[in-house]
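Peer 1: Okay, sequence plus prediction incoming.
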Amino acid sequence: LTAVCSCDSHCVSHHCTMLGNNSNRAAASAAIAFDCCHGNICTPASGFKVLQRRLRATHKIVSLSDDITAQSLQETGIFIVGGPQKKYTAGELSAIKTFLESGGSVLVMGGEGGETRSDTNINFLL
């Protein structure tokens, strides 16, 4: 798995963390899912335009606009979270944790001030 950073200019100051324990799932699955349901600062439509354009040449891109579930992550190899501004439910965090445990990868980016400033609880995964 190769990490490539090509965020649009206003997302460059974000801190990035890649979580994952098995690149085989990412390689085996062509889908890359973006979280678009937590008031994210960056989505494929805003902030990740360049990144999603580059990725869609070789991967299926999915924008998740409903709750994150095991089902919504089922065909996904990489789940990208760009600056969430809302808290995740216990069910969503459980689905993401199960996704990680089954070999999926998660790229989490947040702004300065972390969870407190963004009113999110994504650090639960760390």
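Peer 2: Sure thing, it's come through.
Peer 1: now this structure, which segments are flagged as low pLDDT?
Peer 2: Residue ranges of the chain with pLDDT under 70: 1-30.
Peer 1: the strands in this protein, which residues?
Peer 2: Along the chain, the segments classed as strands by DSSP state E run 15-20, 31-35, 60-64, 76-82, 105-110.
Peer 1: hey, what's I80 bridged with?
Peer 2: As for beta bridges, I80 partners with F34, L107 under DSSP bridges.
Peer 1: That one touches I96, doesn't it?
Peer 2: No: the pair formed by I80 and I96 falls short of the contact definition of Cβ atoms under 8 Å, at 11.7 Å. Glycine gets a C-beta too; all of them are placed from N, C-alpha and C.
Peer 1: Just put the strands of the chain in CSV and tack on distance to V50 and mean neighbour count.
Peer 2: As requested, these are exported to CSV (distance: least, Cβ to Cβ, whole Å; neighbours: other Cβ atoms under 10 Å):
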stretch, distance to V50, mean neighbour count
strand 15-20, 15, 14
strand 31-35, 13, 23
strand 60-64, 13, 16
strand 76-82, 13, 25
strand 105-110, 14, 22
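Peer 1: Format these as JSON lines; extra columns: distance to L126.
Peer 2: Listed next are the strands of the chain as JSON lines, based on distance: least, Cβ to Cβ, whole Å:
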{"stretch": "strand 15-20", "distance to L126": "8"}
{"stretch": "strand 31-35", "distance to L126": "16"}
{"stretch": "strand 60-64", "distance to L126": "21"}
{"stretch": "strand 76-82", "distance to L126": "12"}
{"stretch": "strand 105-110", "distance to L126": "9"}
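Peer 1: Can you tell me which residue sits nearest the middle of the chain?
Peer 2: The residue lying closest to the centre of the chain (Cα atoms, centre = their mean) is I80, at 1.6 Å.
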